[in-house]
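In: Predicted model and sequence follow; I will ask about them next.
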Amino acid sequence: MSWTDERVELLKKMWSEGQSASQIAKELGGVTRNAVIGKVHRLGLSNRNGGAAAKAPEKKATKAEAPGAAEPRAAAASAAPATEAPAPAPTPAPRKPIITAGQPLPPQPSANEISPEALANVREVEKKAKKLGLMELTERTCKWPIGDPATEDFWFCGLPVQQGKPYCEAHVSVAFQPMNSRRDRRR
C-alpha cells in the first residue's frame, strides 16, 4: 500500500470530520490504525482542537463589528479603559520538563535518597570506567550512561556488570533500592 494523492485527501477529509484513526484505516483498507496516525502526524494534522481555538477570536470580532456595537464600546473605552481590559489568564503551575525521544536518562533518584558513601563510590568508579560508546557495549559491560547524550562527551561506564543486572556494582547501588526503603518513601 502506498499513500496516493487520493488516499491522502480522503485521510485529510475524514480526519477533519473527526473520524477516528481506526475508522479511517477501515475505510482506506490495506492500512493499519498506526499507519494512519503516523501519516496524520507527518502531515501536521494531529491537532484537531486547533480549529476551535482559532474560531474563538473570530466570534469576538464579529460581536465588535455588529451594527451599533462599535459606538458604545468606543465611548466606554474612552470613559473607563481599565474596565474593558480582559482579566489576565491564571498562570498554570510549573510542570516537570518533558523528556523527548532521543534523550535517554538513567534512573536517577534524588540526592537525598542516595547515601553519601554510594555517591563517593560511584564517582571513584566513573574515574576508572572504560568509557565505551553505544556500539561497544555487550551483555557483560555496565550500561550506565554518563554525560549529556547530545554532546560528544557522552559515554557508558563499561565496567563488568553485577550478575543479572545491567550495571556494575557501584551503579546498581544507585539504580536499585531495597523494597523497604521504597515502601517507607510512600508514607
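Out: Yep, that arrived. The shown structure was predicted, so the numbers you read here are calculated from the model rather than taken from an experiment.
In: mind listing what the spatially closest residue to Gln19 that is not a sequence neighbour touches?
Out: Leaving aside its sequence neighbours, Gln19 sits nearest to Glu27 (Cβ to Cβ, 6 or more residues apart in numbering; 7.7 Å). In this view, the C-beta of every residue, glycine as well, is placed from N, C-alpha and C. Listed by Cβ atoms under 8 Å, 6 or more residues apart in numbering, the contact set of Glu27 reads Leu10, Met14, Gln19.
In: For Glu27, which three-state class applies?
Out: Assigned by DSSP: H, G, I helix; E, B strand; the rest coil, the conformation of Glu27 is helix.
In: Repeat that for Lys127.
Out: What three-state DSSP gives for Lys127 is helix.
In: Count the neighbours of it for me.
Out: When neighbours are counted by other Cβ atoms under 10 Å, Lys127 registers 7.
In: Please name the nearest non-neighbouring residue to Trp155.
Out: Nearest non-adjacent residue to Trp155, counting by Cβ to Cβ, 6+ apart: Lys131, 4.3 Å away.
In: How about Phe156?
Out: Nearest residue to Phe156, sequence neighbours excluded (Cβ to Cβ, 6+ apart): Leu132, at 4.9 Å.
In: what about Glu169, distance to Cys157?
Out: Distance, Glu169 to Cys157, by Cβ to Cβ, to the nearest Å: 11 Å.
In: Those two: which is more packed in?
Out: Using other Cβ under 10 Å, the more surrounded residue of Glu169 and Cys157 is Cys157, with 25 against 15.
In: ok now do the more buried one, which residues does it touch?
Out: Contacts for Cys157 (Cβ under 8 Å, 6+ apart) come out as 125-126, 129-130, 132, 141-144, 146, 167-168, 171.
In: Nearest to Glu6 among those residues?
Out: Lys143 (47.5 Å; Cβ to Cβ).
In: what residues are up against that closest one?
Out: Leu137, Phe156, Cys157, Val161, Pro166, Tyr167.
In: For Asn34, which non-adjacent residue is spatially closest?
Out: Using Cβ to Cβ, 6+ apart, the closest residue to Asn34 is Ala21 (7.8 Å).
In: Now the phi/psi pair for that neighbour, please.
Out: The phi/psi pair for Ala21 (degrees, to the nearest 10) reads phi -60, psi -40.
In: hang on, it packs against Arg33?
Out: Yes: the pair Ala21 / Arg33 is scored as a contact, 4.6 Å apart, by Cβ atoms under 8 Å.
In: Between those two, tell me which one has more neighbours.
Out: Ranked by neighbour count (other Cβ under 10 Å), Ala21 and Arg33 place Ala21 first, with 20 against 14.
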